[in-house]
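> Sequence unavailable; structure follows:
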């Protein structure tokens, strides 16, 4: 994430950000630029490994639009 991952919650819309990251969109941005929404946050994992093999490494899960 471009911002601190603690600021994200499930359902938040996100857009593209620098270096392959995502940025949380404000309500105004969603209203003005709906075409820039790439998806919504589906989870902010609190665990260290997904499927016992893949390190989460401060990632969040996104449902792509």
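Received it, and whenever you're ready, just let me know what you need. Since the structure is predicted, the reported quantities are computational estimates derived from the model, not experimental observations.
> Which pLDDT value goes with residue 26?
Residue 26 carries a pLDDT value of 97.
> Determine the number of other residues adjacent to it.
Neighbourhood size, residue 26 [other CB atoms under 10 Å]: 10. In this view, the C-beta of every residue, glycine as well, is placed from N, C-alpha and C.
> Same question for residue 7.
Using other CB under 10 Å, residue 7 is surrounded by 10 other residues.
> cool, and residue 1?
Other residues close to residue 1 by other CB under 10 Å number 19.
> and what of residue 22?
20.
> Next up, the contacts around it.
1-2, 14-16, 38-39, 60, 62 (CB atoms under 8 Å, 6 or more residues apart in numbering).
> Show me what the helix or strand containing residue 41 is in contact with.
Secondary structure assigned from DSSP states H and E places residue 41 in strand 39-43. With contact meaning CB under 8 Å, 6+ apart, strand 39-43 is reached by 8-14, 22, 24, 60-65.
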